[in-house]
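S.K.: the sequence isn't on hand, but the structure is:
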DNA sequence: CCGTTGTTCAACCAGTTGGTTGAAGAAGGA
DNA sequence: TCCTTCTTCAACCAACTGGTTGAACAACGG
């Protein structure tokens, strides 16, 4: 339960029902009952989902008589996007550098092929093949 | 096991060990053994983590003799960022509109107070936060 | 005051997850 | 061939998850 914030946000959004709830709360605030309407599960189950979202900081709840209107907190998304952005950028930069290296390799290869040398220098080529942009 | 791609990616990144692995693979490809070095857990456990990342499409593996070099696939990140971006943008747009509505409401309120009309026009106030067209 | 509505709490259950250990495959090197 | 290294498979276990039902709590409306 006392996991780090990033883990909580990611695991909160790992459930399709909870993602759907987030999608609907992005359009409009709603009470627990309203939210639970479209789903085949019990209201209690939806209430649990909302607790998870709240614990992750994605949803806040106010009070209106017996009702508990739920509101989407958009700022928490930034936690994820900065994390993701950081490593995606790193990986892409690395990919760019790899491309440059490969370009050099290819140049070498054509030159090497030109004077008919070793044939199996591609043996180690598997790395980058999957990474096509 | 046959969950939708988005769920798989989110839940793969919900584990701090797996996020750390991703962070390290963003810097350089590595074998299972290399990856498992810094962690207190067994190599088998790390192998399982890599299976999860592979199943989520975040990591691909090639073959180099007995070794299985792991490579980070950056494109899958886009699945998440587009999903996140969409609802964050919606929520923020809604927040902007709400701000405008509140500004209008304040103006109306002061005017209404000026000519002393009906007092319960706020009865239905809860809904509108979401309903701002 | 009592009944109704909206929400949560508590106990329970089946399935998944994150780890363990032990054994087995796969491939190189002596 | 045999030994060693890297990796995965299989069985097991404790803890967590996502759902259930039944009861309780909170607040309005007669």
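M.R.: Ah, there it is. Since the model is a prediction, treat every value here as computed from it, not as a measurement.
S.K.: for the rest of this, base every contact and every neighbour count on C-alpha atoms.
M.R.: Noted.
S.K.: domain map for chain A?
M.R.: Each domain of chain A is listed here as a residue range: A:5-74, A:77-129, per automatic domain parsing.
S.K.: DNA strand D contacts on chain A?
M.R.: A:1, A:14-15, A:17, A:40-46, A:49, A:64-66 (Cα under 7 Å from any atom of the strand).
S.K.: which of those tops the neighbour count?
M.R.: Each of these was scored for neighbours by other Cα atoms under 10 Å in any protein chain shown, and residue A:14 scores highest at 23 neighbours.
S.K.: residue contacts, that one?
M.R.: Residue A:14 makes contact with B:6-11, B:14, according to Cα atoms under 8 Å, 6 or more residues apart in numbering or on different chains.
S.K.: would you turn those residues into a markdown table with secondary structure and distance to residue B:71?
M.R.: Shown next, in a markdown table, are the contacts of residue A:14 (DSSP: H, G, I helix; E, B strand; the rest coil; distance: Cα to Cα, whole Å):
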| residue | secondary structure | distance to residue B:71 |
| --- | --- | --- |
| B:6 | helix | 20 |
| B:7 | helix | 21 |
| B:8 | helix | 18 |
| B:9 | helix | 16 |
| B:10 | helix | 19 |
| B:11 | helix | 19 |
| B:14 | coil | 19 |
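S.K.: a markdown table for those, including distance to residue A:97 and pLDDT?
M.R.: Output for the contacts of residue A:14, formatted as a markdown table (distance: Cα to Cα, whole Å; pLDDT from 0 to 100):
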| residue | distance to residue A:97 | pLDDT |
| --- | --- | --- |
| B:6 | 29 | 97 |
| B:7 | 31 | 98 |
| B:8 | 29 | 98 |
| B:9 | 26 | 98 |
| B:10 | 28 | 98 |
| B:11 | 30 | 98 |
| B:14 | 29 | 98 |
